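**Student:** take this sequence and fold it.
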Amino acid sequence: MEQPKSIWGSDFRGVTLGIIFVVTAVAFEGLAVTTIAPGLSQELHGGHLYGWVFSAYLLAQLVGTVITGQWVDRIGPAKPFIVSISVFAIGILIAALAPGMLVLILGRILQGYGAGALINCVYTAITIRFDDSLRPQILAVFSSAYILPGLVGPYIAGLIAEHLSWRYVFWCILPFIFMSALLTTPAFRGLRASQGSDPKKGFLPSLLLAAGTGILITGLGKIPSLYGFILSLAGLVLLVFPLKKLLPEGTLLAREGLPATIASRGLFVAAYFGTQTYLVLALTALTGFSADTAGFAVASAAISWSLAANLQARLDKKDQGTGRRKRVLLGLTCMLLGVSATVPQGFITSEGFAFINAIVSQIVMGFGIGLAHPTSGAIAFSHVQDGEGGKVSSTLTVADTFTPAVGIGIGGAMIAMMETLKLSLGLGIFLALALQALIVVTSLIAATRLRGRESIVQSATKAEKW
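**Tutor:** Sure thing, here's the model as predicted:
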């Protein structure tokens, strides 16, 4: 009797371990920066650029994602992986040595480009190496790779920042990058897509999208001035065309199928990271918690994310993928509850209540995205055609980077506007968190148009008959 295939079998173990090391390195860096950002922005006198610590990273990640996705389709993930992890490491080094906020943001740009390219290499390896029955398992492992960084990353980063310096956090990431490169590169060698497209075709649209988004975010931060309105409008006009070029047709309208999957995923990922960004700011700047304590609150989401991700893998194996759409909807409902609970943090003055509310809301939100994130990935990969692994991978990563950049950027602009209008920081944080709740509601609406695996299989069967 043939044994069921497993991602830990001898045929898949090398790639599985490689994926874990890459995701762990990128996740540790991302979660650590979330914790130390308030402190570093204060030390470098860049509070007005706080949102750019995250938006610059995410916009560069978008460019790296698109360019590398098409490159990987042509030659496989091995060489792009080596280039990407080198760029990522250089960005870490620049941030560790940054004398001012602008140099630090330059380091974040290189980190973002490298991280986007690395995750694209991982997604493409998943589409090439694993069939549909194994993808929920490997995507659950992908999510679980966040658990160690999620448990210890924010807390340890907070301790280092409190007792030494935030710069040491970046230095500590470099050994993880080295180990990831050493252990992952052999696993990616030999993986090839069946065909590919010219990476130059995605270069200009991705640059225009990043530039347009950056101009939009900058303009929003200058509102209510006329200059701010003009800049915001120019950015919005500039990003519309490349966004339509890079995403599946119908994504902006959440058309049924892959477009709705990408639209919903981009929105709920934006809400997750936006909520964490401004929750940490509320806990440190308003309630007076130390960076390590705020990091502990953020870490609680990673635990429930991992548990839910593994739960969805077991459920997917049991129902053979027929319940994927329902799991995404359930996950987003949980996310909405969790995110909504964080909205009052801008006005909570009790330390005890603020901390308990942060922990509980993060656990609920983490469980929700743990169900929705890997499941939406499995749905998206089920639409992959031959030779389009990198294309769909880059589309997923665009969804994971563009909307968080905009969501966090708009939240930062709201805070900047409150400062310009001489209003309270608490009101700005309240509005930024309320925006994240609205984004989840929109994602939930888009998710009602997802197509589960059973619908995709039926469509494919009909096409074959014709």
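**Student:** so where's the stretch 301-450 of the chain uncertain?
**Tutor:** Where the stretch 301-450 of the chain drops to pLDDT under 70, the residues are 384-391, 393-394.
**Student:** how about the helices in it?
**Tutor:** Here the stretch 301-450 of the chain has its helices, by DSSP state H, counting those that start in this stretch, at 324-342, 351-381, 389-420, 425-447.
**Student:** just the stretch 1-150 of the chain next, same as before
**Tutor:** Ranges of helices within the stretch 1-150 of the chain are 13-43, 50-75, 78-97, 101-129, 135-144, 147-163, based on DSSP H, counting those that start in this stretch.
**Student:** closest to A291 out of these?
**Tutor:** helix 147-163 (3.7 Å; Cβ to Cβ). Where C-beta positions appear, they are placed from N, C-alpha and C, glycine not excepted.
**Student:** which secondary structure elements does the helix or strand following the closest one sit against?
**Tutor:** Sequence order places helix 166-188 as the next helix or strand after helix 147-163, per DSSP states H and E. With contacts defined as 3 or more Cβ pairs under 8 Å, 6 or more residues apart in numbering; DSSP states H and E, helix 166-188 has these neighbours: helix 13-43, helix 78-97, helix 101-129, helix 147-163.
**Student:** list of residues touching the second one?
**Tutor:** If I follow you right, that is helix 78-97. Contact with helix 78-97 is made by 22, 26, 29, 64, 68, 71-72, 103-104, 106-115, 117-118, 120-121, 167, 170-171, 173-174, 177-178, 180-181, 184-185, 188-191, as judged by Cβ atoms under 8 Å, 6 or more residues apart in numbering.
**Student:** hmm, 6 Å instead?
**Tutor:** By Cβ atoms under 6 Å, 6 or more residues apart in numbering, the residues outside helix 78-97 that reach it are 68, 71-72, 104, 107, 110-111, 113-115, 117-118, 121, 167, 170-171, 173-174, 177, 181, 188-189.
**Student:** may I see the buried residues of that helix?
**Tutor:** For helix 78-97, a neighbour-count test (16 or more other Cβ atoms under 10 Å) marks 78, 80-81, 83-85, 87-89, 91-96 as buried.
**Student:** which of these scores worst on pLDDT?
**Tutor:** Lowest pLDDT among the buried residues of helix 78-97: A78, with 73.
**Student:** ok, back up a step: now the helices and strands packed on helix 166-188 in a markdown table, with distance to S290?
**Tutor:** Listed next are those as a markdown table, based on distance: least, Cβ to Cβ, whole Å:
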| stretch | distance to S290 |
| --- | --- |
| helix 13-43 | 10 |
| helix 78-97 | 22 |
| helix 101-129 | 21 |
| helix 147-163 | 6 |
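**Student:** for I415, find the nearest of the ones you listed.
**Tutor:** Counting by Cβ to Cβ, I415 lies closest to helix 13-43 out of the helices and strands packed on helix 166-188; the figure is 11.6 Å.
**Student:** now for that closest one, which elements pack on it?
**Tutor:** Counting contacts by 3 or more Cβ pairs under 6 Å, 6 or more residues apart in numbering; DSSP states H and E, helix 13-43 packs against helix 101-129, helix 147-163, helix 166-188, helix 258-281, helix 291-319.
**Student:** hey, which of these is tucked in deepest?
**Tutor:** Ranked by mean neighbour count, those are led by helix 258-281 with a mean of 27 (mean count of other Cβ atoms under 10 Å).
**Student:** contacts for that helix next, please.
**Tutor:** If you take Cβ under 6 Å, 6+ apart as the criterion, helix 258-281 is touched by 34, 38, 54, 248, 250-251, 254, 294, 298, 332, 335, 339, 342, 369, 372, 376, 379-380, 383, 395, 399-400, 403-404, 407-408, 411, 429, 432-433, 436, 439-440, 442-443, 446-447, 449-450.
**Student:** list buried residues within those residues.
**Tutor:** 34, 38, 54, 248, 250-251, 254, 294, 298, 332, 335, 339, 342, 369, 372, 376, 379-380, 383, 395, 399-400, 403-404, 407-408, 411, 429, 432-433, 436, 439-440, 442-443, 446-447, 449-450.
**Student:** on that earlier part again, among the helices of the stretch 301-450 of the chain, which is the most enclosed?
**Tutor:** helix 389-420 (a mean of 25).
**Student:** centre of the chain to it, how far?
**Tutor:** Relative to its chain's centre, helix 389-420 lies at 9 Å (Cα atoms, centre = their mean, to the nearest Å).
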